[in-house]
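Asker: Whatever this is, show me its structure:
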Amino acid sequence: MSLEKVIVTGGSGRLGAHVTQALQANHDVTVLDIKPPSQAVPFIATDILDLAGLTRAFTGQDAVIHLAGYDDGDAPNEQAYMATNVQGAWNVFQAAEDAGVRHLVVASSVAALGLDYRRGPDYLPIDEAHPLRATGTYGHGKQLIETMARHYVVRGALRIVCLRPTLIVRPEKEAEILAQLALPDPDAEAPANAASDGVNLGDVRPYGALSATRTYVRSRDAARGFAAALDYRARPFDIFNLAARDGIGRSKTLERMTAIYETPPELREAKLYQDDPYASALDIRHARNDLGWQPRGDWRDVVAG
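Answerer: Numbers count the residues shown, from 1 in each chain. You can find the predicted model right below:
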């Protein structure tokens, strides 16, 4: 039996390399990117802004995993998020439809929720039905991408799964986050010279201010989520959160939410936090129950190295 042919846009990127590796054993994988991948896999040099090039590349493929675009904080300016991420996603949807591809897995983000230190969640745990209130351009772009995905599914030719990974903690970033947690205030930007504040971090530069919810997912876990979504057929369109079981630093979730927000979020699943006070603010039961995906380990494994 021939392997399913899958093309990964952005497959040479930081997450893309992990996704490509996760797929190689059971899929016929091709990377589409503007730079070659580190792995020895078939490669097509094409920009996601090239609609005709995408259509040619997608022809004959069984599925597309769309990762390409600027990550949060990477774009040279706000306009670039819209010009590349949003227009690029539209091109991917249109090219897939034109090329006869039937199944897409698309990288959205929990940034679409718009949660920060001023705007907390309405309730805990935060599921996929939570209102989206993105104010930043990156998160707003992800919300627009999900809306476009719904539109293309309604047209009838495509099945699309949107995955919302939270902060993706790559192996090379784990030491930086641990250094950030060692600071007197991990929720603030690191001082220019942490050592002058009595913190010995060695040669590691702290990551930077951590999110209000402290949610995260490790790269390899996120990659397995994208691989699992290729087999999902229960609904023509669906959205899944991808997050670790606990939060960065393993602070008690309800205590942290109460300390941060003047009005604590409504607690919809009290038993979850009674059973595990460190349980993530993000609800990952949909991914566990319907994708058969769950993260491996927790923050203690990051600390243990």
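
Asker: so what secondary structure elements neighbour the helix or strand bottoming out on mean pLDDT in the chain?
Answerer: Using mean pLDDT, DSSP states H and E, helix 171-181 stands out as the lowest-scoring helix or strand of the chain, at a mean of 91. For helix 171-181, the packing partners by 3 or more Cβ pairs under 8 Å, 6 or more residues apart in numbering; DSSP states H and E come out as helix 299-304. C-betas here are computed from N, CA, C, even on glycine.

Asker: Show me what the helix it packs on is packed against.
Answerer: Contact partners of helix 299-304 among helices and strands, from 3+ Cβ pairs under 8 Å, 6+ apart: helix 171-181.

Asker: How far does the helix it packs on sit from its chain's centre?
Answerer: Distance of helix 171-181 from its chain centroid, counting by Cα atoms, centre = their mean, to the nearest Å, is 18 Å.

Asker: same question, stretch 148-163
Answerer: Chain-centre distance of stretch 148-163: 18 Å, with Cα atoms, centre = their mean.

Asker: how about it: buried residues?
Answerer: The neighbour-count check on stretch 148-163 (16 or more other Cβ atoms under 10 Å) flags 148-149, 152-153, 158-163 as buried.

Asker: Closest one of those to Ala107?
Answerer: For the buried residues of stretch 148-163, the closest approach to Ala107 (Cβ to Cβ) belongs to Leu163, at 6.1 Å.

Asker: Can you classify that closest one by secondary structure?
Answerer: Classification of Leu163 by DSSP: H, G, I helix; E, B strand; the rest coil places it in strand.

Asker: check contacts around it.
Answerer: Listed by Cβ atoms under 8 Å, 6 or more residues apart in numbering, the contact set of Leu163 reads 105-108, 222, 225-226, 229, 239-240, 242.

Asker: What about those residues, which are in strands?
Answerer: 105-107, 239-240, 242 (DSSP state E).

Asker: Need the max-distance pair from those residues.
Answerer: The largest separation in the ones in strands among the contacts of Leu163, counting by Cβ to Cβ, is between Val106 and Leu242 at 12.6 Å.

Asker: more crowded one of those two?
Answerer: Ranked by neighbour count (other Cβ atoms under 10 Å), Val106 and Leu242 place Leu242 first, with 30 against 24.

Asker: Looking at strand pairing, list the partners for that one.
Answerer: Counting by DSSP bridges, Leu242 is bridged to Pro165.

Asker: still on that earlier bit, same list, the ones in strands among the contacts of Leu163, but as JSON lines with distance to Thr9 please.
Answerer: As requested, the ones in strands among the contacts of Leu163 are exported to JSON lines (distance: Cβ to Cβ, whole Å):
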{"residue": "Val105", "distance to Thr9": "11"}
{"residue": "Val106", "distance to Thr9": "10"}
{"residue": "Ala107", "distance to Thr9": "9"}
{"residue": "Ile239", "distance to Thr9": "19"}
{"residue": "Phe240", "distance to Thr9": "19"}
{"residue": "Leu242", "distance to Thr9": "18"}
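
Asker: can you pull out the helices in the stretch 51-200 of the chain?
Answerer: All helices of the stretch 51-200 of the chain, identified by DSSP state H, counting those that start in this stretch, fall at 51-58, 78-80, 87-99, 137-154, 171-181.

Asker: still on that earlier bit, taking the contacts of Leu163 as a set, which two sit the farthest apart in space?
Answerer: Using Cβ to Cβ, the contacts of Leu163 span at most 15.0 Å, a distance reached by Ala222 and Ile239.

Asker: and these two? which has more neighbours close in?
Answerer: Each of Ala222 and Ile239 has its neighbours counted (other Cβ under 10 Å); Ala222 has more, 27 against 21.
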